[in-house]
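Chemist: Next comes the sequence, and after it the predicted model I'd like to discuss.
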Amino acid sequence: MREVVFRVLAERPGHLEAQAETLPIRITAPTLEELQHEAREALIEHLGPAHCTVRVRVRRGSSAAVSSIRSVGRPAALCR
């Protein structure tokens, strides 16, 4: 399984901005939970069905990852 790490670039109340370290994907969201959702949605758009083999991680600064795989409620058939 591949892993895509999103590094948080900007963090202020009600606004988080992150950039994927290995892909040309930049996302924004008001909360960490929504940032994870946006990351998964961006991967679906960028990779198509191959997104099912990718683990999403969000990192703040040089700290350990603060998130991992999250389901976005997609039908399982999309991942086969």
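Modeler: Right, received. Where do you want to start?
Chemist: going forward, measure contacts between C-alpha atoms and count neighbours the same way
Modeler: OK.
Chemist: Let's test this: mean pLDDT of stretch 53-65, rounded?
Modeler: Average pLDDT, stretch 53-65: 77.
Chemist: Strands along the chain, start to end?
Modeler: 2-12, 15-20, 26-29, 54-60 (DSSP state E).
Chemist: Give the closest residue to the residue sitting nearest the centre point of the chain in space, chain neighbours not counted.
Modeler: Nearest to the mean C-alpha position of the chain, by C-alpha atoms, centre = their mean, lies Ala39 at 2.7 Å. Nearest non-adjacent residue to Ala39, counting by C-alpha to C-alpha, 6 or more residues apart in numbering: Ile27, 6.7 Å away.
Chemist: Now for the one you found: which residues touch it?
Modeler: Ile27 is in contact with Glu17, Ala18, Gln19, Leu35, Glu38, Ala39, Ala42, counting by C-alpha atoms under 8 Å, 6 or more residues apart in numbering.
Chemist: By neighbour count, which of those residues wins?
Modeler: Neighbour count (other C-alpha atoms under 10 Å) singles out Ala39 as the most crowded of the contacts of Ile27, with 27 neighbours.
Chemist: give the contact list for that one.
Modeler: Here Ala39 is in contact with Phe6, Ile27, Val56 (criterion: C-alpha under 8 Å, 6+ apart).
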